[in-house]
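> curious how this folds, go ahead:
(2 chains)
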Amino acid sequence: MKMQEKNISENNFEQCIKCTVCTVYCPVVPVNPLYPGPKQAGPDGERLRLKKGLFFDNTLKYCLNCKRCEVACPSGVRIADIIQSARIKYTTEPPKLRDMILASTDFMGSVTTKVAPVANFALGLKPTKAVMDAVLKVDKHRTFPKYASKTFESWYKKNVKAFQESFNHHVSFFHGCYVNYNYPQLGKDLISVMNALGYGVHLLEKEKCCGTALISNCMIDQAKKNAVNNLESIRKSVYERQMPVIGTSSSCNFTIRDEYPHLLGIDNSDVRDYIELATRFIYRLVEEKKVKMVFKKDYKAKIAYHTPCHMERLGWGIFSTEILRMIPGVELTVLDSNCCGIAGTYGFKKENYEVSQAIGKPLFDQIARLKPDFVACDCETCKWQIEMSTEKEVKNPISILAEALDLIATSEANK
Amino acid sequence: MRFDTVIIGGGLSGLVCGIRLQKSGKNCAIISAGQSAMHFSSGTFDLLGRMPDGSVVENPLEAIDRLDAGHPYSIIGKEKVARYATEAPDFLAGCGITVKGDAQSNSWRITPTGERKPAWLTLGDFTPLTSKNEKIGTKALIVNILGYLDFNTKFLADSFEKQGTVCRIASIRLEEMERLRKNPSEMRSTNIARVMDRDNIWEKAASQVKEMIKDEDVVVLPAVFGLKNAETVETMRKAIGIKTVFVATMPPSVPGIRTQMTLKAEFERAGGRFFIGDSVIEADFNEDNTVKSVATYNFGDIRVYADDFVLATGSFFSKGLIATPEKIYEPVFGIDLNYEEKRDGWFDRNFWNRQNYISFGAKVSEKLNTYVDGRPVENLYAIGSLLGGSNTLYEGCGGGVAIISALAAADEILHK
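Numbers count the residues shown, from 1 in each chain, chains lettered A, B, ... in the order given. Down below sits the predicted model:
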């Protein structure tokens, strides 16, 4: 009897009752027959792998790590974690050069921003795309996100760092690689919004890539190094400077909060509650009446909100949509919960391109039917995928807030 | 975050309650930890198929008088049960779900293994039988999709032949399905349904079936059509041209999942908020023993407040009830339960016998209010299979208890 109670395995593995509900919600299964499906790849396969690692099957790489199986599971089994842990533990194929390039967002970003105009020009050329397609197996249909000529961090230090101390309240910002190297404007929007709400925004002492792409490409040593580094900086922010950490990317947030302990085995329990998305942070401030938001009188937009898979897993879509609903003049539709198909670096790989587009089709079709002015979404890779596959622009809720707020009046209201 | 009513559990009972409240002007949230038992639906809702003494029920409404005082139907009261049971088909139709059936006279459904069991409301996909021994036709053509293992044609043929139906078993082969067959563990009902839905592949299936018909007067097919849209099933019937009987498959259940998705969409369309993949981890109480707020795993320190709370967390499978070697408890609020103290009385060692643990569950007042430490909690209701007092599996009353208690609790909240 005691044995039964203590028999708790990792990722709730033994709670699986083989009900197959996970398979119903897997976006890969209906479009890629090579993938064994979450039940087979996860708990079923794990029974065999626990006996002998040689039962590991390389087709587990087709898992998107979207976590929709976990959201659907009635028994609380962390199916995707079982699959990703098995990949980490048993995979024998070393990461390809292509995967290393795609996953090293930090390294690539820091090199490329220095030569951004040249790099953007070259990456957009058909011959470059053809060579990348043929040699590296990066699909030619993909458009690489543009690199900024100046990183967000350097812009921050030069332009706004000095006056952040002048506010009464303070937060740290985990900007992520996308804001730093590709789209500093989102970081600038966050600073405008938070400053207007009366919060000074600070950078972490040392921020490294969160590791989402490193984990999905099995570059675990690097992912662990980054995780240890990030948590050290986050601890300093939280405990030495009493500043919680906010971000604008659902995947960075999800990885730091949940993948660090579950997949990398790195404990974050002392700071996990202090890391969250900016929309959740702002929602709390508004609910507790600690801040006021004054909106522009003439702002009008028909917005369709897409819930990224990792946002679905976090269960935080409601905070972003509630923030958007607070804006007068916004007509909001929450799109049906479907994966867009990109899954970070997955969709960039030539072998996944068709699967990736097939997964996203219901979402693209719904956007086409709804004809919103633009799409709102908290994930940068979903943004690339939706912008490539539909005619609509995709904006982060924080950027929408920056557009809709009367920043001067809001600043006055929060003094 | 504040709502008028928070419902914990997003299965049949939670959704029916949420839809009724939301459509009546209450602002509701449903918090659901994973998907529900609707994914294993038989395609019918049962009201009462068998009395606790084992006798078969023909008229469920009439039989309610003979149930124990602790049965959810007895607690709600015969008059109300009759009213809600009569109202249920219209309620479901209002959500876009077509059902056939009558609370005063059970019909019969065909199980995946060819058994026949009493049924109350039958989803439009299926053909309810008027008697247990009804012959589905003189000659039946039972058609499977090649490679699909969850539809046992031989079992079905054996059972139909008992009533004198001559059966022929055949299968159709669809090029588009071959891709799925590469991986036998994924040749499952929902994946077949998804392929069938895409580019109207079901039309090909229907025309292949039609060509196979020789002198048969009935076609039997697995219920793997129309995951998103029930109309597909009707259009297939028309395309095949003769009587077509769809039979429920082994789980997952395509009509059940469609019903769940339809109810969820209806709830959201009415303005309700559905939080999937989240769990309520604790609650706090006001001084008058009413529930003040709950905390969820995903919401963390942002608590969820409401005037009323409805517990629709189901039974053991969905962790509405937890059993340890020593006790059985309800994990969110610690509400009082009715169950046998002695563990020996929980189960029968013969798996096929009636299992007592299924009848354990929440102790409630006639308004479906729960109790904590013997004191009633005026704003916390329990509905669905969390309720004690009925052996839903043995008596065949799970669907009825879910729908009727959901409507009853919603009305209690509305008429406060």
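> could you use CA atoms for every contact and neighbour count after this?
Noted.
> and the pLDDT at A:Leu203?
A:Leu203 carries a pLDDT score of 97 in this model.
> please name the bridge partners of it.
A:Phe173 (DSSP bridges).
> let me know whether it touches A:Phe173 as I believe.
Yes - using CA atoms under 8 Å, A:Leu203 is in contact with A:Phe173, at 5.4 Å.
> neighbour count: the two, which is higher?
Using other CA atoms under 10 Å in any protein chain shown as the criterion, A:Leu203 and A:Phe173 rank with A:Phe173 on top: 27 against 18.
> give the contact list for that one.
A:Val201, A:His202, A:Leu203, A:Leu204, A:Val245, A:Ile246, A:Gly247 (CA atoms under 8 Å, 6 or more residues apart in numbering or on different chains).
> with A:Leu186 instead?
A:Val179, A:Asn396, A:Ile398, A:Ser399.
> so what's the third one closest to, chain neighbours aside?
Put plainly, it is A:Ile398. A:Leu190 (6.1 Å; CA to CA, 6 or more residues apart in numbering or on different chains).
> now the helix or strand that the one you found is a member of: how far from the chain's centre is it?
A:Leu190 belongs to helix A:184-196 when assigned by DSSP states H and E. Distance of helix A:184-196 from the chain centroid (CA atoms, centre = their mean, to the nearest Å) equals 18 Å.
> neighbour-wise, which of the contacts of A:Phe173 leads?
Using other CA under 10 Å as the neighbour test, these are led by A:Val245, with 29 neighbours.
> for burial, what's the neighbour tally of the residue of the stretch 301-416 of chain B found nearest chain A?
Using CA to the nearest CA, the single residue of the stretch 301-416 of chain B nearest to chain A is B:Ser318, 6.1 Å away. Residues near B:Ser318, counting by other CA under 10 Å, number 22.
> hang on, it packs against A:Cys73?
No - using CA under 8 Å, B:Ser318 is not in contact with A:Cys73; the gap is 9.9 Å.
> residue contacts, the residue in the stretch 251-400 of chain B that chain A sits nearest to?
At 4.4 Å from chain A, B:Gly277 is the closest residue in the stretch 251-400 of chain B, using CA to the nearest CA. By CA under 8 Å, 6+ apart, the contact list for B:Gly277 reads A:Glu70, A:Val71, A:Ala72, A:Cys73, A:Arg313, A:Gly315, B:Ser32, B:Ala33, B:Gly34.
> tell me, how many residues neighbour the first one?
To tie it back to what came earlier, the one meant is A:Glu70. 25.
> list the contacts for it?
A:Glu70 makes contact with A:Cys22, A:Gly76, A:Val77, A:Arg78, A:Ile79, A:Ala80, A:Arg313, B:Gly34, B:Gly277, according to CA under 8 Å, 6+ apart.
> name the nearest residue to the first one, ignoring sequence neighbours.
Pointing back at A:Cys22 there. A:Cys69 (4.4 Å).
> give the helix, strand or coil label for that neighbour.
helix (DSSP: H, G, I helix; E, B strand; the rest coil).
> that one contacts A:Pro27, doesn't it?
No - counting by CA under 8 Å, A:Pro27 is not a contact partner of A:Cys69; they are 9.2 Å apart.
> so the two - more neighbours on which side?
Using other CA under 10 Å, the more surrounded residue of A:Cys69 and A:Pro27 is A:Cys69, with 29 against 24.
> about what we covered before: mind checking which of the contacts of B:Gly277 land in helices?
A:Glu70, A:Val71, A:Ala72, A:Arg313 (DSSP state H).
> can you put the residues you listed in CSV and add pLDDT and distance to A:Tyr35?
Rendered in CSV, the data for the ones in helices among the contacts of B:Gly277 read as follows (pLDDT from 0 to 100; distance: CA to CA, whole Å):
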residue, pLDDT, distance to A:Tyr35
A:Glu70, 94, 17
A:Val71, 93, 19
A:Ala72, 93, 19
A:Arg313, 95, 22
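> report the two of those residues separated the most.
A:Ala72 and A:Arg313 (9.8 Å; CA to CA).
> which residues does the residue positioned nearest the centre of chain A contact?
By CA atoms, centre = their mean, chain A has its centre lying nearest to A:Ser251, at 1.9 Å. Residues in contact with A:Ser251 (CA under 8 Å, 6+ apart) are A:Thr212, A:His310, A:Met311, A:Cys379.
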